[in-house]
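Enquirer: need the 3D shape of this:
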Amino acid sequence: MKRVFLDANVLFTAAHNPSGKAALLMELAERVYWHLMTSELACEEARRNICIKFPDCLPRIEELCRSIHIVSHVHEMDCPLELPDKDKPIFMAAVQGRASHLLTGDLAHFGPFMNKASETQYIVIQTVSDFFLSFLSE
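Expert: So this is what the prediction gives:
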């Protein structure tokens, strides 16, 4: 079973675009045995951005955050990746949740680590599109 950690921008996109790939990922998760998870920090960031940009989507983001596992109490650990301080807790929550994948749209900060599992504690960091492409090629 794939253990898939979702960054805030994936949650935001799933809430804002219910016919997009991020929403499809969430719909398919149970059927194909993907265990979805995120952190409270990611949910809060997604909520905050939804409230600012698309307040009508707030009920949807709340529903999405309730429907997936929240990795709680991220222990203070040194992040092995050179990431901005705001992104370190996201990666470390994925580590703590024993994620096999971390899905994000943040190419600016996570881009250098995408598809380089040997450099990221064997967590495959991908966009939602890349995750689907790798799933289809299995």
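Enquirer: where are the low-confidence patches of the chain?
Expert: Low-confidence segments of the chain, defined by pLDDT under 70: 73, 75-76.
Enquirer: just checking, what's the longest helix in it?
Expert: helix 40-53 (DSSP state H).
Enquirer: neighbouring contacts of that one?
Expert: The contact list for helix 40-53 (CB atoms under 8 Å, 6 or more residues apart in numbering) reads 6-9, 11-12, 15-16, 57-58, 61-62, 65, 70, 72, 74, 89-90, 93. (Glycine included, C-beta is placed from N, CA and C.)
Enquirer: can you spell out which helices and strands pack onto the helix or strand harbouring residue 125?
Expert: Using DSSP states H and E, residue 125 falls within strand 124-126. Packing contacts for strand 124-126, counted by 3 or more CB pairs under 8 Å, 6 or more residues apart in numbering; DSSP states H and E, involve strand 101-103.
Enquirer: before we move on, the earlier item: from the chain's centroid, how far away is the strand holding residue 125?
Expert: 10 Å (CA atoms, centre = their mean, to the nearest Å).
Enquirer: and residue 4, how many residues sit next to it?
Expert: Using other CB atoms under 10 Å, residue 4 has 26 neighbouring residues.
Enquirer: which SS class is it?
Expert: Three-state assignment for residue 4 (DSSP: H, G, I helix; E, B strand; the rest coil): strand.
Enquirer: quick one: it and residue 101 touch, right?
Expert: Yes: using CB atoms under 8 Å, residue 4 makes contact with residue 101 at a distance of 4.7 Å.
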